[in-house]
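> how would this look folded up:
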Amino acid sequence: MSVADQRRLWQDIDAPDGAFRWHIPERFNIGTACCDQQAHGDLALVVDDGSAAAQRFTFGALVERSNRLVTVLRDLGVAPGDRVGVMAPQGLEVAIAHLACYKTGAVVVPMSTQFGPEAMVYRLAHSGARTLVISAEGWSRLADSCARIPELESVLIAGAPGGAAGKRAGKPPQILDLLTHVDTAEPAVDPVDTAAIDPALLIYTSGTTGPPKGVLHRHQVLLAQMPGLRISHDGFPEPDDVFWTPADWAWAGGLFDTLLVSWLCGRPVVASPRKFDPAWAYELMSRHRVRNCFLPPTALKQMRQAGPPPAGVRLRTIASGGEPLGESILSWAGEHLGVVVKEFYGQTEANLMVGNGEGHCSVRPGSMGRPYPGFELTLRDADGHRVADGEEGEIALRLPHPGAFVEYWREPERTAEKMHDGRLFTGDLARRDADGSLFFAGRADDIISSGGYRIGPGEIEECLISHPDVLMAAVIGVPDELRGEAVAAYVVPAEGVAADEAMTAALQDHVKHRLAFYQYPRRITYVDELPMTTTGKIQRAELRRRATMVDR
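Numbering: from 1, shown residues only. Got it, this is the predicted structure:
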């Protein structure tokens, strides 16, 4: 994306209401736009885990490394449209993996570093990934399960391999050291000239029932993040802006709302592969003069508990999303961080749709803000009719839209349920006041919002049922002061099984090690039977009612 194109986009975003127009070029590639088209001598990435001196990489260094990886991927047979899994903590390896895949024309399948083997196997097998870029620690968890990923042909490991691939029928995947092959490859000079509407990302998000869904996005999705970025970060980019987030770069918040948008604007990003803690976050911000942050609500709550920041922290903007912030958090941030936190709303299927910011709408506790320029949203009742101001309705985005996903991978029926009648239906409820501000009212489905993660109960239920001591299981979200919601499970034990604290600990570990740490049920209640509909579906609403009665 040229500087002239960027300026034209900024001018339209900053224009009065109703004057915005999307300018989506016919040819656009996330990798070249975020790297090759930037000033090669400018700082792009700072990697700091606190164990040694921070590593600093210019855009030119990322161009060279990612172009070498393009050659490696092509030599492995990766072609445009092929899926490539990427799972590594914030740092150089995951950064060049994304850039190289886009420039190869491949479709990236981002995976959280918190995933256990079951979560990894499902996403890699369902997506049909042929190649995987993964950290050594992640590979040590996945290696024994490769037999269940039949299409996986090659694995590029960032660091010393932690084990050989498990046995399977046919040829096992080729195991290679990522940086060794990158350092010895010739840089590619001909990145794929993708159309803006070509596929680029396949992000898996949990649904309400059954296995996770693969959300397919085009290259143009990155441009659709610009209005939200510009508004929620007060005219970003400014010359001294430096971005950081504790969010995993596998999620939309880390990838779309921080890493790639910063690079598209030519500004550096700080990476920290270590686990979040407030003291380290303050130190990191001060050391690298971080000015812009995406901080999930849980991170802000932990920072408040840790006390005020040291004098060296000089933030300019903070954006937050995933769950509503309370007035106390907003007040604390304003007093101690010197920043008005801008809240936003979005989904993996369509990110950064609503928010607040200077010149757009003022921050009001409890309000999501207003739709960003270029996002035509309405609230609809169960019959698809528009509701009046003050009434609750499902948030619906008018299509076509550059930020809307293409489809749920290999699931046309679920895609049709989400997108129909010229709109994308979010499954989230809100009400609109007379000034046009939106207020979140709840979910029309059973998604659990916990610590910034959107968690579907279906995958957790299936994992619990896979334990030999469990006959049936149902999962809901319950109120939690720190996380917004916490995962809670209702379990029917198998015959003759003693439901005690030992069983609870075993089931929690079962979910932690097979799915992800943030998905384990923090509360398990044992019951003789689950409330069911006449058609055999779990009545989660009844379980939520019971949980509410218990907490009173």
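> contacting residues for the residue nearest to Ala195 when sequence neighbours are not counted?
Nearest residue to Ala195, sequence neighbours excluded (Cβ to Cβ, 6 or more residues apart in numbering): Arg27, at 6.0 Å. C-beta: built from backbone N, CA, C; applies to glycine. Listed by Cβ atoms under 8 Å, 6 or more residues apart in numbering, the contact partners of Arg27 are 193-196.
> Just the residues you listed: which are in helices?
Among these, no member is found in helices (DSSP state H).
> What distance do you get for the residue nearest to Ala195 to Leu222?
14 Å (Cβ to Cβ, to the nearest Å).
> do the same with Gln305
35 Å.
> Between these two, which has more neighbouring residues?
Neighbours around Gln305 and Leu222, counted as other Cβ atoms under 10 Å, are more numerous at Leu222. The numbers are 28 against 9.
> Surely that one touches Leu260?
Yes: taking Cβ atoms under 8 Å as the definition, Leu222 is a contact partner of Leu260 at 5.5 Å.
> shared neighbours of these two, anything?
Common neighbours of Leu222 and Leu260 (Cβ under 8 Å, 6+ apart) are 30, 34.
> what's the burial count for Thr113?
Summarising burial for Thr113: neighbours were counted as other Cβ under 10 Å, giving 18.
> what about it, which SS state?
coil (DSSP: H, G, I helix; E, B strand; the rest coil).
> quick one: which of the contacts of Arg27 is most hemmed in?
Most crowded among the contacts of Arg27, counting by other Cβ under 10 Å, is Thr194 at 23 neighbours.
> can you pull the contacts of that one?
Thr194 touches 27-29, 80, 102, 105, 200, 219, counting by Cβ under 8 Å, 6+ apart.
> Read off the pLDDT value for the residue in the chain sticking out farthest from the centre.
Relative to the centre of the chain, and counting by Cα atoms, centre = their mean, the farthest-placed residue is Gly496 at 41.2 Å. Looking at Gly496, its pLDDT is 89.
> Please give the three-state secondary structure assignment for it.
coil.
> Then the one 10 residues further on?
Local secondary structure at Ala506 is given as helix here, using three-state DSSP.
> go on, Thr348?
Going by three-state DSSP: Thr348 is coil.
> Compute the number of surrounding residues for it.
Residues contacting Thr348 under the criterion other Cβ under 10 Å number 19.
> now Pro308
Using other Cβ under 10 Å, Pro308 is surrounded by 13 other residues.
> tell me the contacts of it?
Counting by Cβ under 8 Å, 6+ apart, Pro308 has contacts His336.
> For the residue nearest to Leu530 when sequence neighbours are not counted, list each beta-bridge partner.
Spatial nearest neighbour of Leu530, chain neighbours left out: Ala474 (5.2 Å); criterion: Cβ to Cβ, 6+ apart. Beta-bridge pairing of Ala474 under DSSP bridges involves Tyr490.
> measure Leu471 to Gln225 for me?
For Leu471, the distance to Gln225 - Cβ to Cβ - is 45 Å.
> again with Cys293
Counting by Cβ to Cβ - Cys293 and Gln225 are separated by 16 Å.
> Check Thr194 too.
Thr194 is 18 Å from Gln225, by Cβ to Cβ.
> number of nearby residues for Lys175?
You called it Lys, but residue 175 is Ile. Neighbours around Ile175, by other Cβ under 10 Å: 16.
> is it true that it lies in a strand?
Yes: counting by three-state DSSP, Ile175 is part of a strand.
> From what I see, it and Val155 are in contact.
Yes: with contact defined as Cβ under 8 Å, Ile175 and Val155 form a contacting pair (5.2 Å).
> Quick check: mean pLDDT of the longest helix along the chain?
Scanning the chain for the helix with the most residues, using DSSP H, yields helix 59-75. Taken as a whole, helix 59-75 carries a mean pLDDT of 98.
> Return the list of helices and strands in contact with the helix or strand that it is followed by.
Using DSSP states H and E, the helix or strand that follows helix 59-75 in sequence is strand 83-87. Here strand 83-87 touches helix 92-104, strand 107-110, helix 117-127, strand 131-135, going by 3 or more Cβ pairs under 8 Å, 6 or more residues apart in numbering; DSSP states H and E.
> Which among the ones you listed is found nearest to Arg414?
Nearest of the helices and strands packed on strand 83-87 to Arg414, taken as Cβ to Cβ: helix 117-127 at 12.8 Å.
> quick one on the thing from earlier: please say which of Cys293 and Gln225 ends up with more neighbours.
Counted by other Cβ under 10 Å, Cys293 and Gln225 do not tie: Cys293 has more neighbours, with 27 against 22.
> ok, back up a step: how much space between the residue nearest to Ala195 and Ala54?
From Arg27 over to Ala54 (counting by Cβ to Cβ), the distance is 36 Å.
> picking that back up, can you mark which positions in the longest helix of the chain are buried?
By 16 or more other Cβ atoms under 10 Å, the buried positions in helix 59-75 come out as 59-74.
> That one - contacts with which helices or strands?
strand 43-47, helix 92-104, helix 178-184.
> redo that, cut-off 6 Å
helix 92-104, helix 178-184 (3 or more Cβ pairs under 6 Å, 6 or more residues apart in numbering; DSSP states H and E).
> For the last one, what does the pLDDT average out to?
Spelled out, it's helix 178-184. 94.
> Could you list the residues in contact with it?
68-69, 72, 156-158 (Cβ atoms under 6 Å, 6 or more residues apart in numbering).
> Among these, pick out the one closest to Pro365, please.
Nearest member of the contacts of helix 178-184 to Pro365, counting by Cβ to Cβ, is Ala158, at 42.5 Å.
> any idea of the pLDDT on the nearest residue to that closest one once chain neighbours are set aside?
Closest residue in space to Ala158, ignoring its immediate chain neighbours: Glu93 at 3.9 Å, by Cβ to Cβ, 6+ apart. Looking at Glu93, its pLDDT stands at 97.
> Can you give me the buried ones in stretch 115-126?
115-124, 126.
> Let's see that stretch as CSV, backbone CA atoms only.
C-alpha atoms of stretch 115-126 as CSV (Å, rounded to 0.1, in the frame of the first residue of the first chain):
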residue,chain,number,x,y,z
PHE,A,115,-3.1,-25.1,22.6
GLY,A,116,-2.7,-28.7,23.6
PRO,A,117,-2.4,-31.5,21.2
GLU,A,118,-6.1,-32.1,20.7
ALA,A,119,-6.7,-28.4,19.7
MET,A,120,-3.7,-28.4,17.4
VAL,A,121,-4.5,-31.7,15.7
TYR,A,122,-8.1,-30.7,15.0
ARG,A,123,-7.1,-27.4,13.4
LEU,A,124,-4.3,-28.8,11.3
ALA,A,125,-6.3,-31.8,10.1
HIS,A,126,-9.5,-29.9,9.4
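> Give me the distance from it to the chain's centre.
16 Å (Cα atoms, centre = their mean, to the nearest Å).
> average pLDDT across that stretch?
94.
> Against Phe517, how distant is the spatially closest residue to Glu327 that is not a sequence neighbour?
Nearest residue to Glu327, sequence neighbours excluded (Cβ to Cβ, 6+ apart): Pro365, at 3.9 Å. Using Cβ to Cβ, we find Pro365 at a distance of 31 Å from Phe517.
> how about the helices of the stretch 451-552 of the chain, start to end?
Secondary structure of the stretch 451-552 of the chain (DSSP state H, counting those that start in this stretch): helices at 457-465, 501-514, 540-551.
> Could I get the ones you listed in TSV, plus columns for distance to Gly326?
Shown next, in TSV, are the helices of the stretch 451-552 of the chain (distance: least, Cβ to Cβ, whole Å):
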stretch	distance to Gly326
helix 457-465	25
helix 501-514	28
helix 540-551	18
